[in-house]
Structure formats: structure tokens, C-alpha cells
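>>> sequence first, predicted coordinates after that:
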Amino acid sequence: MLHFFQLLQGFTMPQFRTRACLAALMIAVAAPASVAFAQTPAPALPAPALPAPALARALPAIPAPVAEPYPGVIRLEVDATDIDRQIMTVRETVPVTPGPLTLLYPKFLPGNHAATGPVNTLAGLTITANGQRLEWIRDTVEAWAFHVEVPQGVSEIVLDFQWITPQGDASGRRVMTPSMLNLQWEKALLYPAGHVSTGITVAPSVKLPEGWQYGVALDTASFDAGVATFAPTDLYTLIDSPMFAGINYRRFDLDPGGQSPVWADVVADTPAMLEKSDDKVALMRALVDQADLLFGSRHFDRYQLLVAVTEELGDIGLEHHRSSENQVATGYFTGIGTVPYGDLAVIPHEYMHSWNGKYRRPIDSLPPHYNVPTQNSLLWVYEGQTQFWGDVMTARAGFVDKEQALSNFAVIAANLSTQAGRTWRSLQDTTNSALMGPRTGGAYASWSRGSEYYRESSLMIWLDADTLIREETNGRKSLDDFARAFFGPGDGEWAPKPYTFEELVATLNAVHPHDWTTFLRARLDNVDPAADHLLEGITRGGYRLAYVDSLTEAEKKVQSDWATNFQYSLGFSLTGTDNSITGVRWGGRVFEQRIGAGWKLIAVNDVAATAEILRTAITTAKGGTEPIRLLIRNGSRFRTVAFDYHDGLRYPRLERVAGTPDRLGDILAPRRR
């Protein structure tokens, strides 16, 4: 197999902008899944022939992608002014040659790690040539593909359609509100099959509501009468460059006079939500500085943090190479109300992805275009190590203090050490979760498991590796050295640089010799939940996992669900609205009483139930003998269940082990120039 790094030798940033080198690279890696396991794949079996569908005409084969550029420039015009009906209207003008043409709607979306392209939200598709309508036909196997026959004498076709954006219900994440919108280009375009994404040139424009401003990592050619026109770019860069726009907008320079611009483009529900912004802007600037100190390089010509301060736009945290999409609580800048830990950590996490996941990309996560399947065998690096660095940077930049950072690790440790699903499903297998549907794990997530490759990898692999390196080198080396060696080289370059499992191991060994293959595979493939190494990073870091019956105010900001969280006592959580029992822990006390999803808590010890009443009852029963009685309901059925439980409320906390090095504290401490 052609080695990536032979391909990339000598490629420079200007050469990448011609798109030829990345096109060749993408073709070379269309099916590289086996490398993450360092084994040879079994020979592929011949696919059985499919019967011909009963259609008006035969379907042509969907062309495989080639590196040869698509001829001409596609003009993409998006009208995003219909904010009341939440509809984006699209016109695409595509240069063509006569004959069969297949148009693709992006299916495998970057950062989603799965076939989540919402083709069902495309409506009203009409294709014309020289004013005459051309009939298209959808592929019966790949519903994201549309076939059309281009007549003789036609040099361009016009596509008109609508993106019916989600309306804030079960149809998906809302992207248009009266005050802002989030334009993700891949939801509002079709592209010709047969070419890699870097070989297709698009000239995009968008019409915005009157008075709105925007942030996007594209070069603006003009912005007149609400129409933003951008310089032509390749499809890969376009899809990697979403837009946030709104009537309430501010831009903050996060690195004045730096080696490359870094901005925060912020939109909000109201102007007041953008006030008192100095403190958070200072934290974002500290994040930029700490990332420079960690990686020693930047792999972008500019970077734009797109931030939505909102209760109306759908929640998002999504990485891109030169930007990121981030939604935060309405009090993020003003300090009004509680800002959850997740809202504080989202920007550091997504910023880390510019190095890990976008510049350095797993070898099986860089398909040639968006309708070739992605594979996710190295997501424990792509997402897991990013989760680690995101949490570390949230502390180093000052978004949270040390106590809160430790509380976050405690939550991960408690979940990891009590997750029954580890008896049957390995961490490696969870990297397939995105391909299987929602990544949450469902009603019994502690058994079925979902996207554990984020936080479980962060703690069980990367914190463990960091503390091991620190211990065995007496503090002379750390995972910081790995980050600089693996993600740092090539300052100023931003062509994606894929990696293999073997290169990862080799870089770890260059930092500190160890049997890293065994280290990693034991943590990835082991299905023993009692394995000693589960919390080794915590122990080696100078702490132990403990449980307490009350949290400090700082810890409550991290464990924001503390008031309704009974996971480590009775084994479930309550919703804050109707006392529904949720998050039932497999093998927990509630589970053993045959209580699951659909039940609601009605009364506690004959008193009308609230979360506070239940907390009081658990506290009162501590050390006693009287059972805790719950009246529960599921539809028309009622049950009374009793729990002989007397250990009180239990919330996770990391306690310092006296006489040991505080390696966790060292990891979380900001770096100095």
C-alpha cells in the first residue's frame, strides 16, 4: 500500500492550495481500515448481483472518484432570508458535458463520523438546461445519489431546491432563528460524482436578512445589499467552512499581531448577551496562547471560533480545520446564571481538533469525498485524545479552576469504574457507535455503551499514558512532548496529514520507550470492568476516587445535574420537569427492582415526590434501618418499592493521596513562556 508520508514529502502549503496533492492522497486511502489493527484484512467476497429496479430507465453506475479535477466552476447561491419559515433556497449552476451525470448529496459528514447527511431535508429539486426541465431519478440503493441525462448541446445545468431546515422538533437540530442562523454548506448543495472533494471548485454566495453580519473561514469577495460572495474554493474547504450569522454580532481578535489571525465571531439572541465580554475573551486568548505552547505550531492560515450565545439555536460543538461551531449558554459572557462545564469546555475541545482530527487525521477517516464511507477505528485518538487535551486546556486557560477540573475527572472515573457494559463491549468497539445511529447508548447506556471513545479514552488511555511517562522519566517528559512531536511539525501547513496506529506507537516510543502496543491494545480490547488499569492514571496522578454526600459550589458547576443525580446511590437520575426515572444504571438498585424507562416517581415515603424530597430521604436513611419507599407509576400501573439502602448520597470526588507527587496538578497547570 502506498505510504502516506511518501506521498506528502515535499508538499508545501502553496502546493496544497492547488489541491492536486490532497486529491492524490485521498484516492490512495479510500479503504484503509485494517491499519489501525496492524493486521491483514480478509479477501473481499464478491458482491451478489442486485436485481434491476422497476424504473422508467436503467440506473447508471455511480462513478468512483478520481483525482482529475472537475472541469469548470460550480456557482452556489443560497438565500437564507426566510427565517420565519426556516427555509433556505438554493440555486446551483453546474458546468456539464452531455451524457449521464450523477449528483451526490453529502452522506458521510465530517465530525459526525457517520452517514448523517439529512437528504430527507432536501425538497423541490428541479433541474433545467437551456430553460428546459430535465428529469432526474434517485438511486434505489444510494438514496443520496441523483441521476440525470444531460442532452447534447448543453454546457451547464441549473439546480433549484430548498433545504427545509429542522423546525426545532424531532426533525433535527434547529439552524435558523429570528436572530441568527448556522449555514452548513453540505446540507445545501449537490456535487458531481466521480471526483475527489478537493478537485471540485465552487463559487459560493449567501443572501442574509437585512442588517445581519457573519463569520466564516472563507475569503469574502464582496458583501453588498446583504449578499456575501466568496472567492472560489474547493468543495473540501467549503464544507469545512460553515457560517454563523446574526443581527446581534461581535468579532473579537484573540491574537492581535500574532503569526496568523484568530478571531471569535459571536452571535447572540439579544444584544445584552454580548455585554461584559472581557473576561471570556481573555480566557479565549489564553487558550490560543496555551495551544501555541503545547503544539509549537499552527496548521491554519487563520482560525475563527464561531460562537452562538443562544437558547433557540440547536446545541452544537463541531470541529473544522480553520473554524469551529460552538453553542454556549445565554449567560456565557454576562455571568448571569450558571454556565455548565460542557459550555466552558466546548471551545477548548473544538480548538484542539484543528491539530488532532483535522490536520492529523486517522488514516481511515479521510475518504476521497462525502459519499465514500468513513471508518472510525482510531476515534479513541481523534476524539479521545482531543477530549483529554480539551479538558486540560479548559483548566490551563482558566475556564475552570483546579478543583473543577478534578471534579470533571472524578465524574469520568466514577462512570468508567461502574459501567457494566465493559463486560461485553470493548472500548475499541465503541468507535463504531456513530455508524450505528445515536451515540448516546440508549435507555441503558451503562450496559449498551455509546461514545465512550471520548471520555473513557481520555482517562483510561491518555491520562494514564501521561502519568506513566511522567513517573518513569521522573517528570522530565510528558504527553506534552508527544503532542509537540505528533501534532506540531509542519508549522503553517494545513494539508491533512493522515496517521496509522504504528506511527502513533512509534512517536510514543520516541518520547519514552515502553511497550506501547500492549499498553494501548490492553485498554482498547479488554472487556474486564475490574481491570487494574482502569484508574491507574488517577492513582499515578496522586489521587483516588472517593464518594461524598455533598459537593462544594465549585463542584456543583461541573456536576450540574447533582440535584437529580442518584446514579451512585439508587442507580438512576430524575428529570427536572416531571420526575421521570431516567439513566437507569444496569445492575443498580432500581434496575434490580425491575424498574426502567417509562416510570415516574410519584411519592417518597408517602410524601409527594421531588428531587429534594428524595435527597432528604436518602440522607435520613443513612446509617439507619428503615427502608426508603418509592411510589412509582408507568401509565395506569402503580408500584410501591422499598430499598434497604443506608449509605447516603454519593457524588464522585478525587481525593489527594498524601505523600505522592501531584502529577494531575502538574498536568492541569498552565504553561509559561
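All right, it came through fine. Numbering: from 1, shown residues only.
>>> please make it C-alpha for all contacts and neighbour counts, starting now.
OK.
>>> who are the neighbours in contact with Phe591?
By C-alpha atoms under 8 Å, 6 or more residues apart in numbering, the residues touching Phe591 are 571, 584-585.
>>> now with 7 Å, please.
Counting by C-alpha atoms under 7 Å, 6 or more residues apart in numbering, Phe591 makes contact with 584-585.
>>> would you mark the buried spots in whatever helix or strand it lives in?
According to DSSP states H and E, Phe591 maps onto helix 589-592. Within helix 589-592, the residues scored as buried using 16 or more other C-alpha atoms under 10 Å are 589-591.
>>> again with stretch 630-644
Of the residues in stretch 630-644, those buried (16+ other C-alpha under 10 Å) are 630-633, 641.
>>> how about stretch 94-105?
94-97, 101-105.
>>> and the two most separated of the residues you listed?
Thr97 and Tyr105 (20.0 Å; C-alpha to C-alpha).
>>> pretty sure Pro627 sits against Asp644.
Yes: applying C-alpha atoms under 7 Å, one finds Pro627 in contact with Asp644, separated by 4.7 Å.
>>> show me where the stretch 301-450 of the chain has helices.
341-352, 379-382, 384-396, 402-417, 427-430, 433-436, 445-448 (DSSP state H, counting those that start in this stretch).
>>> mean confidence score for the second one?
It stands for helix 379-382. The average pLDDT within helix 379-382 is 98.
>>> how far is it from where the chain is centred?
11 Å (C-alpha atoms, centre = their mean, to the nearest Å).
>>> in CSV: the buried residues of helix 589-592, plus distance to Arg361 and pLDDT.
Shown next, in CSV, are these (distance: C-alpha to C-alpha, whole Å; pLDDT from 0 to 100):
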residue, distance to Arg361, pLDDT
Arg589, 43, 96
Val590, 42, 96
Phe591, 41, 96
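>>> tell me how the protein divides into domains.
63-243, 362-549+656-668, 569-649 (automatic domain parsing).
>>> figure out which of these is closest to Ile316.
When those are compared by C-alpha to C-alpha, domain 63-243 sits nearest Ile316, at 8.5 Å.
>>> endpoints of that closest one, how far apart?
31 Å (C-alpha to C-alpha, to the nearest Å).
>>> shift numbering so it begins at 32
Sounds good: first residue 32 from here, last item domain 94-274.
>>> nearest to Val97 among the buried residues of stretch 661-675?
Arg664 (59.5 Å).
>>> for Gln193, state which of the buried residues of stretch 661-675 is nearest.
Distances from Gln193 to the buried residues of stretch 661-675, taken by C-alpha to C-alpha, are shortest for Arg664, at 44.7 Å.
>>> tell me what the closest one is bridged to.
Lys631, Phe669 (DSSP bridges).
>>> residues contacting it?
630-633, 670.
>>> repeat for Val589
371-372, 435, 438-439.
>>> and it, how far is that from Ile698?
Counting by C-alpha to C-alpha - Val589 and Ile698 are separated by 19 Å.
>>> now Tyr485. Nearest residue, chain neighbours left out?
Gly415 (4.2 Å; C-alpha to C-alpha, 6 or more residues apart in numbering).
>>> run the chain-centre distance for the helix holding Phe622.
On C-alpha atoms, centre = their mean, the centre of helix 620-623 falls 32 Å from that of its chain.
>>> format the CA atom coordinates belonging to it as PDB.
Extracted C-alpha coordinates of helix 620-623, given in PDB (Å, rounded to 0.1, in the frame of the first residue of the first chain):
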ATOM      1  CA  ARG A 620     -30.700  -1.000  42.900                       C
ATOM      2  CA  VAL A 621     -33.500   0.400  40.800                       C
ATOM      3  CA  PHE A 622     -32.700  -1.900  37.900                       C
ATOM      4  CA  GLU A 623     -32.800  -4.900  40.300                       C
END
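>>> would JSON lines of the domains of the chain with distance to Arg281 be doable?
Below are the domains of the chain laid out as JSON lines (distance: least, C-alpha to C-alpha, whole Å):
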{"stretch": "domain 94-274", "distance to Arg281": "9"}
{"stretch": "domain 393-580+687-699", "distance to Arg281": "21"}
{"stretch": "domain 600-680", "distance to Arg281": "34"}
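>>> any low-confidence regions in this protein?
32-78, 200, 470-472, 560-563 (pLDDT under 70).
>>> over to Leu156. Which of the three states is it?
Of the three states, Leu156 takes strand under DSSP: H, G, I helix; E, B strand; the rest coil.
>>> just name the most buried of the helices of the stretch 332-481 of the chain.
helix 415-427 (a mean of 27; mean count of other C-alpha atoms under 10 Å).
>>> who's in contact with that one?
318, 376, 379-380, 383-384, 387, 431-433, 436, 484-486, 488-489, 493, 699-701.
>>> and stretch 236-255, by the same measure?
107-112, 257-262, 272-278, 280, 296, 335, 337, 353-354.
>>> and Asn407, how close does it get to Glu180?
Asn407 is 36 Å from Glu180, by C-alpha to C-alpha.
>>> how about Asp110?
27 Å.
>>> how about Leu699?
Here Leu699 is placed at a distance of 60 Å from Glu180 (C-alpha to C-alpha).
>>> which of those two has more neighbours?
Each of Leu699 and Glu180 has its neighbours counted (other C-alpha atoms under 10 Å); Leu699 has more, 21 against 16.
>>> which residues sit against stretch 630-641?
For stretch 630-641, contacts defined as C-alpha under 7 Å, 6+ apart pick out 610-612, 644-645, 659-665.
>>> give the buried residues for it.
Neighbour counts over stretch 630-641 (16+ other C-alpha under 10 Å) mark 630-636, 640-641 as buried.
>>> name every strand pairing with the helix or strand containing Arg122 and say which way it goes.
According to DSSP H and E, Arg122 maps onto strand 118-126. Here strand 118-126 has these sheet partners by DSSP bridges: strand 104-113 (antiparallel), strand 187-195 (antiparallel).
>>> with mean neighbour count and distance to Gly519 added, can I get these in TSV?
TSV is the format used below for the strands paired with strand 118-126 (neighbours: other C-alpha atoms under 10 Å; distance: least, C-alpha to C-alpha, whole Å):
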stretch	mean neighbour count	distance to Gly519
strand 104-113	20	35
strand 187-195	20	39
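>>> closest to Arg392 out of those strands?
strand 104-113 (27.7 Å).
>>> put the alpha carbons of the closest one into CSV.
Provided in CSV are the C-alpha atoms of strand 104-113 (Å, rounded to 0.1, in the frame of the first residue of the first chain):
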residue,chain,number,x,y,z
VAL,A,104,-16.6,26.2,-11.5
ILE,A,105,-20.0,25.4,-9.8
ARG,A,106,-21.9,28.6,-8.8
LEU,A,107,-23.7,28.0,-5.5
GLU,A,108,-26.3,30.6,-4.4
VAL,A,109,-28.0,30.3,-1.0
ASP,A,110,-30.9,32.5,0.0
ALA,A,111,-31.1,32.4,3.8
THR,A,112,-33.6,35.2,4.4
ASP,A,113,-36.7,33.1,5.1
